Each structure stands twice: as C-alpha cells, then as structure tokens.
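Peer 1: Starting from these lines, generate the structure:
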Amino acid sequence: MNPKLLDSIEKLSWTDESSEARPTSGGVKTVGDISRQELEARGKELRRKLVPKLREEFGEDVLKENEFVIIGMPKEKVEGFDLEPTGKIWAAQNPAISEVFAHRAAQGERSDGVGAVVLVFERGTVDLRGTSKPVDDAPQMIEYVLQGEALQRLAQHADVVEMPELFDD
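Peer 2: Numbers count the residues shown, from 1 in each chain. Just a heads-up that it's a prediction; the model follows:
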C-alpha cells in the first residue's frame, strides 16, 4: 500500500455519538486528506482481490446480477459477522473507503489488523439511494449509512462474504 495512504489511514479514530460508533477524524488526517487519485488507485487494487472472490462464491455473472456494499471493520469482527437489522452501519462500494472506515473502527482496540465483510444482494431487492451520501470530509466519494428499512432488507436478502484478508498487502 502507498505509505502516504497508510499513514493517513492509521491516524484516523472513532468517537461515540449517541452510543453508536460514527466515523470521525479525531482532529488528524481524514479521508479528505487522501487524494482522490490515491483512493481510486487503492480501490482498483482492492477490487482485483474482491471480484475473484465474489465470482468464486456466486459465479461469473455476480456483478451483472447483484449489487454489493463493503463494511470495513477490525479483523476479529469479520469471522462470524452477523448482520443485525437494527442500528447503523457505514459502508461503501469503493473498497478503499471501507478500508479507511475499518482502520477508524480498529483504532483504540486491540486488533490484529482490519478486514471486511461484503454484503451481496440481488439488484432491486434493496434500494440504496436513500442511504448514500458524500463522505463528510471527501464529498467526491460516496458512503452508505445503512439503517432502518434498508438495513432490515439487507439482513433479509444479502449474502455475507467474510474477507478478513481483503486489506492485507
């Protein structure tokens, strides 16, 4: 991984807001401090790992028939991840954004690194339009704040693919 990108990611933190973890900057470098080109390059690199895994699990046409979102988290939370239909989850389709969220979530915890789960669902079963918004500190990038009906529908219809190694170099 690009050392500048890794340095930026490692300086991110989490804070509690209404007893729910919310990605924030903690007064240090944020997603907005990482250039769009670096995020796009890292996203492409991570997709080269992600897409073959999805095709292995669901077949060659997985991306034609399905949508997906990526949830970054501490590696220990990936295995056995259970998608609860309540609360709030931050996700992205760009794996580099999910990687930043994963490092934020892992900061302050004893963690062996970061990983991801990918929620794969058939097109049309979950409407993500109402959940998408620009990332606060990088408005050119999109994040999904999954809650309410969207989260309930994902819990019913999405397949969970555990990828603890996605962000490993």
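Peer 1: Tell me which residues are up against the longest helix along the chain.
Peer 2: The residue-count maximum for a helix in the chain (DSSP state H) belongs to helix 36-58. Contact partners of helix 36-58, identified using CB atoms under 8 Å, 6 or more residues apart in numbering, comprise 1-2, 4-5, 31, 62-63, 66, 68, 70, 94-97, 99, 118, 120, 138, 140-141, 159, 161, 163, 165-167. From N, CA and C alone the C-beta is placed, and that goes for glycine too.
Peer 1: Count the residues that sit near Arg36.
Peer 2: A total of 11 residues lie near Arg36 under the criterion other CB atoms under 10 Å.
Peer 1: Write the ChimeraX selection for whichever of the contacts of helix 36-58 are buried.
Peer 2: Buried subset of the contacts of helix 36-58, written as a ChimeraX selection, criterion 16 or more other CB atoms under 10 Å:
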select :1,5,31,62,66,68,70,94,95,96,97,99,118,120,138,141,161,163,166,167
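Peer 1: Which of the contacts of helix 36-58 fall within strands?
Peer 2: Applying DSSP state E to the contacts of helix 36-58, the entries found in strands are 66, 68, 70, 118, 120, 138, 140-141, 159, 161, 163.
Peer 1: Now tabulate those in a markdown table and tack on pLDDT.
Peer 2: As requested, the ones in strands among the contacts of helix 36-58 are exported to a markdown table (pLDDT from 0 to 100):
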| residue | pLDDT |
| --- | --- |
| Asn66 | 95 |
| Phe68 | 95 |
| Ile70 | 97 |
| Val118 | 97 |
| Val120 | 97 |
| Ala138 | 80 |
| Gln140 | 83 |
| Met141 | 87 |
| Asp159 | 96 |
| Val161 | 96 |
| Met163 | 96 |
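Peer 1: farthest-separated two in these?
Peer 2: Gln140 and Asp159 (29.7 Å; CB to CB).
Peer 1: what distance separates the start and the end of stretch 85-101?
Peer 2: 20 Å (CA to CA, to the nearest Å).
Peer 1: Now Thr86: closest residue in space that isn't a chain neighbour?
Peer 2: Leu151 (7.2 Å; CB to CB, 6 or more residues apart in numbering).
Peer 1: helices or strands next to the helix or strand harbouring the one you found in the packing?
Peer 2: In this assignment (DSSP states H and E), Leu151 forms part of helix 148-157. Applying 3 or more CB pairs under 8 Å, 6 or more residues apart in numbering; DSSP states H and E, one finds that helix 148-157 contacts strand 114-122.
Peer 1: what are the pairing partners of the strand it packs on, and which direction each?
Peer 2: strand 66-74 (antiparallel), strand 159-163 (antiparallel) (DSSP bridges).
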